[in-house]
Every structure is written in C-alpha cells, then in structure tokens.
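> I need the structure of the sequence given here:
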Amino acid sequence: MSREAILLVDDEKEIIELIEIYLKNEGYVLYKASNGLEALDILRSHPVDLIILDVMMPRMDGIQACMKIREENNTPIIMLSAKSQDIDKISGLSIGADDYVTKPFNPLELVARVKSQLRRYKLLNYRGTPAEDEIVIDDLVINIATHTVTVDDQEVKLTPREFDILKLLAVNQGIVLSMDKIYEEVWNEPFMESKNTVMVHIRKLREKIEKDSQHPAFIKTVWGIGYKMKSAKEV
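Sure, this is the predicted structure:
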C-alpha cells in the first residue's frame, strides 16, 4: 500500500468524497482544498506527491492555481473539468498540467491515471540505480542488474530462462525476433525444431506479466515470424 500524499482541490463536496474513498482504499495520504488559494496554502506547509485540480472553482480557479504552482514546483497535476472540448484540454495541458480528466469520470480510471503519473514522476526524478540498469515499458520495469521484474509496482517471480527471454525482447523492443533467434540467444545453442520450447516459455511469461494473457499488451505475436516487445514509445 502506498503512503504518497495527494492534494484534492475541488469545490464540489460530493466529488471530493467520491475520489477520497477510492484513493484512501489505495493507501494514499490525502489533503483537501475547495479552491486554488487553499491549495497553495497546503502546498506551502505539506509535502505533496500529486495534485488533482478542478478547473472551475471560486476565488482562484484551477487554471490560475496550476500556473502559480508551476512557478515553483513540478509536482504532477491532473486537471478535472466538466468541459470536454479539445481546446479546453489543450489549455489545461499548455499551462503545466500533466493529464486531463473530463467529468463525469470513472473513479477507477482516475486512480489508474494517478498511479501512472506518480510512476512517471518517480522515474524522471529517480536518483538510485542508474537508468541504464532498468528498462521501463508502461508499468513493466525490468532491472537488468538485480534480475527483478515488477508490473504495476508488484514484483513478478520469473525463472532465469523467462527473465532472459523477457530481457532479450525488451532490449530489442519493437523489433520482431524469430523463434530460432530467441532460442539461440537464450539457450545458447543451435535451433533444432524447438518452436514448442519457445512457445511454452512465452506462454508462461505472458501469464506472469500480462493482465490478460489472451490479449497481451507487452509481448506481441507476429504470425508466421515470431514475437516482439511493445515499444515504450507506443501508446
């Protein structure tokens, strides 16, 4: 469970209470404000890891508050608004917001976006293991130095062979690798009609790292050729 702090800024009590239920269930520490001025006061006295900021509020609206916040800190900001036109989204993002959610929204989607922004912020500000030791593709993190793999911040236990296959695909993300290429690189011996061996290991690997192994998001099948890892640049 997380203990990161999130600041909720919205003048609608019902919205605050709804978001609060879902975020507290994830273990986040919450601070609440009903307008931009209150939000700025909280930020001066409490460390905050992410801000959920409504656009339309009294005293100081979300756009003004976002601009003020960006003058001195780069904490991730997710804007909330009932306005759905593209120009409103562009305005919100252009003044420093990191993401934009239109009301009404699915609370579970908001939680997913919160996790995504926190993860991205951590990676951009990481000061531990050198970046070259890690391969990050969405919520999949492969640490080459420690031979560890996490998905959505949860460690996944892989066999040495499974890890080697995953690393090979990740190092060559976006590139299609044939089954014989995978076998020869991982098993370090000539490919001798060992397609089933590779297929079984890929299947087990998918079962461990994919949310839906029948519709994999990371390890893609290229029919008649082999497999490829989704590129970190793909949406």
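> what comes up buried for stretch 195-211?
Judged by neighbour count using 16 or more other Cβ atoms under 10 Å, the buried positions of stretch 195-211 are 197-198, 201-202, 204-206, 209-210. To be clear about C-beta, it is placed using only N, CA and C from the backbone, and glycine gets the same treatment.
> I would like the residues contacting that stretch, please.
140, 149, 151, 156-158, 161-162, 165-166, 179, 182-183, 187, 213, 216-219, 227 (Cβ atoms under 8 Å, 6 or more residues apart in numbering).
> buried subset of those residues?
Neighbour-count burial (16+ other Cβ under 10 Å) is assigned, among these, to 140, 149, 151, 156, 158, 162, 165-166, 179, 182-183, 187, 216-219, 227.
> Could I get the full set of strands for this protein?
Applying DSSP state E to the chain gives strands spanning 5-9, 29-33, 50-54, 77-81, 99-102, 134-137, 140-143, 148-151, 154-156, 177-178, 219-222, 226-229.
> Go through these and pick out the most buried.
strand 50-54 (a mean of 26; mean count of other Cβ atoms under 10 Å).
> Partner strands of that one, with direction?
Strand 50-54 pairs in its sheet with strand 5-9 (parallel), strand 77-81 (parallel), by DSSP bridges.
> Now tabulate the ones you listed in JSON lines and tack on distance to Ala33.
Shown next, in JSON lines, are the strands paired with strand 50-54 (distance: least, Cβ to Cβ, whole Å):
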{"stretch": "strand 5-9", "distance to Ala33": "5"}
{"stretch": "strand 77-81", "distance to Ala33": "13"}
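> Which one of the ones you listed lies nearest to Gly96?
strand 77-81 (6.6 Å; Cβ to Cβ).
> Show me the residue sitting in the middle of this structure in space.
Ser116 (2.9 Å; Cα atoms, centre = their mean).
> one step back: now, which of the buried residues of stretch 195-211 lie within helices?
With helices defined by DSSP state H, the entries of these inside them are 197-198, 201-202, 204-206, 209.
> May I ask which of these comes out lowest in pLDDT?
On pLDDT alone, Thr197 ranks lowest of these, at 85.
> So what's the residue count around the closest residue to Tyr22 other than its chain neighbours?
In this structure, Tyr22 finds its nearest non-sequential neighbour in Pro107, 4.5 Å apart by Cβ to Cβ, 6 or more residues apart in numbering. Pro107 has 15 neighbours, counted by other Cβ atoms under 10 Å.
> and if you look at Asp133?
Applying other Cβ under 10 Å, we find 12 residues neighbouring Asp133.
> List the contacts of it.
Contact partners of Asp133, counting by Cβ under 8 Å, 6+ apart, are 143-146.
> do that again at 7 Å, thanks
Applying Cβ atoms under 7 Å, 6 or more residues apart in numbering, we find Asp133 in contact with 143-145.
> Likewise for Leu177?
Neighbour list for Leu177: 168-169, 226-228 [criterion: Cβ under 7 Å, 6+ apart].
> Looking at those, which is nearest Leu30?
Leu169 (39.0 Å).
> residue furthest from the geometric center of this structure?
Most peripheral residue of the chain (Cα atoms, centre = their mean): Met192, 39.6 Å.
> tell me the pLDDT at Asp153?
Looking at Asp153, its pLDDT is 83.
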